[in-house]
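In: Below are the sequence and a predicted model for it; my questions follow.
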Amino acid sequence: MRFPPDFLDDIRARLPVSDVVGRRVKLRKQGREFAGLSPFNKEKTPSFFVNDQKGFYHCFSSGKHGDIFTFVMETEGVAFPEAVERLASLAGVPMPKLAPMDTEREKRRASLYDVMEMAAAFFQRSLNERGGANARAYLDRRGLSAETLNTFRIGYAPSDRTALKSFLVGQGVSVPDMVETGLLVSGGDIPDPFDRFRDRVMFPIQDMRGRIIAFGGRALQADVPAKYLNSPETSLFHKGAQLFNQHRARAAAHKAGTVVAVEGYMDVIALAQAGIDNAVAPLGTALTPEQLGLMWRMGPEPILCFDGDKAGQRAAWRAVDIALPLLQPGRSLRFAFLPEGQDPDDLVRTSGRGAADAVLEQALPLVDVLWMRETSSSALETPERRAAFEQRISALVGTVGDPGVRRHYAAAMEERLAELMPAPEPRRYGRGGGHSDGRGSGRFQRLPGGRAPALQASQALRASVRFPAGRMHPREAALVVALLNHPQLIDRHAEDFAHLELTSPDLDALRCAALNAAGHGEAASAEELSGALARAGLSGQLARAQAALPPGVWWALLSADDVDAETGFRHTVALHRKAHALHSELRAAELALGQDATEENFSRLVDIQKQLTSVEGTEASIEGFGAASGRPARNV
């Protein structure tokens, strides 16, 4: 249902974020915020902050950010309506009254849940009766204990065409209700609806609240058309938006930090019986974006576990394509592949839990599986095939939805391409009217020696962004030193500070130590923060950072006013990000020029070089900048 904005605002007003978060996270007051250990990642130093004034939390270790509703959804694995209902109860705010039509619909759905519950009880009872002997024998062969059967409410649908129908009629359930829940098969050419599930082992499918919304049935006879049969789409059940065992797995997944997705009901049940409770399964379909969303609510990097055969591999390849557009910072997938010819059920029954744990521990990141898929099906013997391979990799990277994640995928793929296909000795080009033999126009001429100015600039500009090991980039040093000298600004710029791309390990160490000190309330002044850095053994790194400051960066010094330090920091962060973006474009332009030395590609390279040069020489030009520090104010 949709909730009125005023109703949601009332809940927010009554429940400070720190109160909601504090039920799960031990928080410590720190200035205007609260700090604590991340509830999403295991850590020893707090990187999780709550701001009641702004009404949000932010976790630097995982990148998660949101309000009280998001927090309940993330930590308890519930959908938005259920999060609203829980928080409304906590706040003492009555749920809004539904419109008459909505009220009738909710009553109708509630009655259908009752029908499904009665059907599940009937199937459980039938399993233990005389007619369920074959089903019991099958489950015994699969090694399922009585406790497991009871936990998953496994039952049996008798072979009689109207066994369930007759039982439910006796309970006062109407035939239309049985049809609407998918329990009966009906249609214009079927005068008398009959039971959908017959002579099958039955697995109830439950929603996040544990309510039964559908069934899966496993045939006991070999000659039936469908070995597994699921309920059809109904008003309660949309198979692409649900997972088997989701309501049981979410608590275990939160504790384990991840959720494991396997292919079938029996795989989930076998893993649970072995003690791996955080497993779920799709419902007879290929993995959907909605199902991935459910898993990401349970953990940032679900493990998709596939059978060790060709079908399992094909399913993994499909999952890669589904996931790429949905990736977000801190939200990805890992892939585990079972030994050939085995599924999780086989593995735990023959080799025990340890074998399953070993497979899960070896799960591969999505980026590795993407690369494995593409290289396993590509022939690279000729230049044309290598070019086609690079083009395909570039197109796949382009499908990644989030710009930041896409940028890192591009860098990872470029590194792997360089290892797979080392670049030949660089050709030397110069501006000219044609090829070296004088034919054609608008191309580049290969020179007998020396390096063209354009490529000389390219190398210099690369070095300006990637400084040699042991040296600090002056702009990066300025950004870090500015906040070390003015730690009062860390509170307002913690997110930008935490996500700066730093090429120097020393600067990164200083940045991490400063954030940790701020998290422990040890950064009230530059002197206090300097003492914290000294205790962390970073005095030498601090001295080197201060020595790396370029001339004219007065705003990063201790003598600058906080107002000017903040202005300079913000401006330089923007330049820093632009430089990194241009650097990525530069590498792409150089690659394009190497593959196709056209006038257009050369002009693009030169233009990017000019932009990079401009960025490197840009200073803050903002009205009033410097006045607070007693310097001549600069005008626009």
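Out: Great, that's in hand.
In: The top helix by length along the chain - what's its average pLDDT?
Out: Looking across the chain with DSSP state H, the single longest helix is helix 562-595. On average, the pLDDT along helix 562-595 is 79.
In: try stretch 306-316
Out: Mean per-residue pLDDT for stretch 306-316: 84.
In: just stretch 373-381 next, same as before
Out: Averaging pLDDT along stretch 373-381 gives 83.
In: got it, and stretch 202-217?
Out: Across stretch 202-217, pLDDT averages out at 93.
In: what about it, start to end distance?
Out: Stretch 202-217 has its terminal residues 5 Å apart, counting by CA to CA, to the nearest Å.
In: before we move on, what about stretch 56-75?
Out: Taking CA to CA, the first and last residues of stretch 56-75 lie 15 Å apart.
In: Likewise for stretch 23-42?
Out: Counting by CA to CA, you get 18 Å between the two ends of stretch 23-42.
In: buried ones in that stretch?
Out: Within stretch 23-42, the residues that count as buried by 16 or more other CB atoms under 10 Å are 25, 27, 30, 33-41. All C-beta atoms are positioned from the backbone trio N, CA, C, and that covers glycine.
In: Then stretch 407-424?
Out: By 16+ other CB under 10 Å, the buried positions in stretch 407-424 come out as 409-410, 412-414, 416-417.
In: Which members of the residues you listed occur in helices, if any?
Out: Among these, the members found in helices (DSSP H) are 409-410, 412-414, 416-417.
In: Out of those, the closest to residue 9 would be?
Out: Relative to residue 9, the closest of those is residue 409; by CB to CB it sits at 38.6 Å.
In: Report pLDDT for that closest one.
Out: With respect to pLDDT, residue 409 has a value of 95.
In: just residue 40 next, same as before
Out: Among the per-residue scores, residue 40 shows a pLDDT of 86.
In: next one: residue 631
Out: 68.
In: and if you look at residue 66?
Out: Looking at residue 66, its pLDDT is 90.
In: ok, back up a step: list the buried residues of the longest helix of the chain.
Out: Neighbour counts over helix 562-595 (16+ other CB under 10 Å) mark 563-569, 571-573, 575-576, 579-580, 582-583, 585-593 as buried.
In: quick one on the thing from earlier: using a markdown table, lay out the buried residues of stretch 407-424 together with distance to residue 47.
Out: Output for those, formatted as a markdown table (distance: CB to CB, whole Å):
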| residue | distance to residue 47 |
| --- | --- |
| 409 | 24 |
| 410 | 27 |
| 412 | 24 |
| 413 | 29 |
| 414 | 30 |
| 416 | 30 |
| 417 | 34 |
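In: low-confidence ranges in the stretch 451-600 of the chain?
Out: Within the stretch 451-600 of the chain, the stretches with pLDDT under 70 are 451-471, 551, 583, 590, 593-597.
In: What ranges does it have for its helices?
Out: With DSSP state H, counting those that start in this stretch, the ranges of helices along the stretch 451-600 of the chain come out as 453-465, 474-485, 490-498, 505-519, 526-535, 539-547, 562-595, 599-616.
In: List the buried residues of the fourth one.
Out: The neighbour-count criterion (16+ other CB under 10 Å) identifies 506-519 as the buried residues of helix 505-519.
In: Identify each buried residue in stretch 123-140, please.
Out: Across stretch 123-140, burial judged by 16+ other CB under 10 Å covers 123-124, 126-127, 131-132, 135-136, 139.
In: ok, now stretch 235-247?
Out: If you call a residue buried by 16+ other CB under 10 Å, then stretch 235-247 has these buried ones: 236-237, 239, 242-247.
In: List the neighbours of that stretch that are in contact with it.
Out: Applying CB atoms under 8 Å, 6 or more residues apart in numbering, the set of residues contacting stretch 235-247 from outside is 77, 108-109, 112-113, 116, 152, 180-182, 203, 205-210, 213-214, 216, 230-231, 233, 249, 261, 265, 268, 272, 279-285, 288, 290-291, 294-295.
In: now residue 96, what's its secondary structure?
Out: Of the three states, residue 96 takes coil under DSSP: H, G, I helix; E, B strand; the rest coil.
In: how near is the closest residue to it other than its chain neighbours to residue 145?
Out: Spatial nearest neighbour of residue 96, excluding adjacent residues (CB to CB, 6 or more residues apart in numbering): residue 7 at 5.3 Å. Per CB to CB, to the nearest Å, residue 7 is found 46 Å from residue 145.
In: Among the two, which residue is more densely surrounded?
Out: Higher neighbour count among residue 7 and residue 145: residue 7, with 14 against 11, using other CB atoms under 10 Å.
In: hang on, the earlier thing: residue contacts, the residue nearest to residue 96?
Out: With contact taken as CB under 8 Å, 6+ apart, residue 7 is in contact with 88, 93, 96.
In: Considering the residues you listed, which possesses the most neighbours?
Out: Counting by other CB under 10 Å, top hit in these: residue 88 with 20 neighbours.
In: With residue 588 as the reference, measure out to residue 603.
Out: 14 Å.
In: So which residues of the stretch 51-200 of the chain form helices?
Out: Ranges of helices in the stretch 51-200 of the chain, per DSSP H, counting those that start in this stretch, are 68-76, 80-91, 100-127, 133-141, 146-151, 163-170, 175-180.
In: Residue 167 touches residue 120, doesn't it?
Out: No - using CB atoms under 8 Å, residue 167 makes no contact with residue 120, being 11.8 Å away.
In: What count of nearby residues applies to residue 293?
Out: Count around residue 293 with other CB under 10 Å applied: 13.
In: which residues sit in contact with it?
Out: For residue 293, the contact set (CB under 8 Å, 6+ apart) comprises residue 326.
In: helix or strand for it, which one?
Out: Residue 293 belongs to helix 289-298 when assigned by DSSP states H and E.
In: orientation of that helix relative to helix 68-76 in degrees?
Out: Between helix 289-298 and helix 68-76, the angle comes out at 90 degrees (axes from the mean of the first three to the mean of the last three CA atoms, to 10 degrees).
In: send the alpha carbons of helix 289-298 over as PDB?
Out: What follows is helix 289-298, C-alpha atoms only, in PDB (Å, rounded to 0.1, in the frame of the first residue of the first chain):
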ATOM      1  CA  PRO A 289      16.500  -8.400 -10.500                       C
ATOM      2  CA  GLU A 290      13.800  -8.500  -7.800                       C
ATOM      3  CA  GLN A 291      15.300 -11.600  -6.300                       C
ATOM      4  CA  LEU A 292      18.700 -10.000  -6.300                       C
ATOM      5  CA  GLY A 293      17.200  -7.000  -4.500                       C
ATOM      6  CA  LEU A 294      15.900  -9.300  -1.800                       C
ATOM      7  CA  MET A 295      19.300 -10.900  -1.400                       C
ATOM      8  CA  TRP A 296      21.100  -7.500  -1.200                       C
ATOM      9  CA  ARG A 297      18.800  -6.600   1.700                       C
ATOM     10  CA  MET A 298      20.200  -9.600   3.500                       C
END
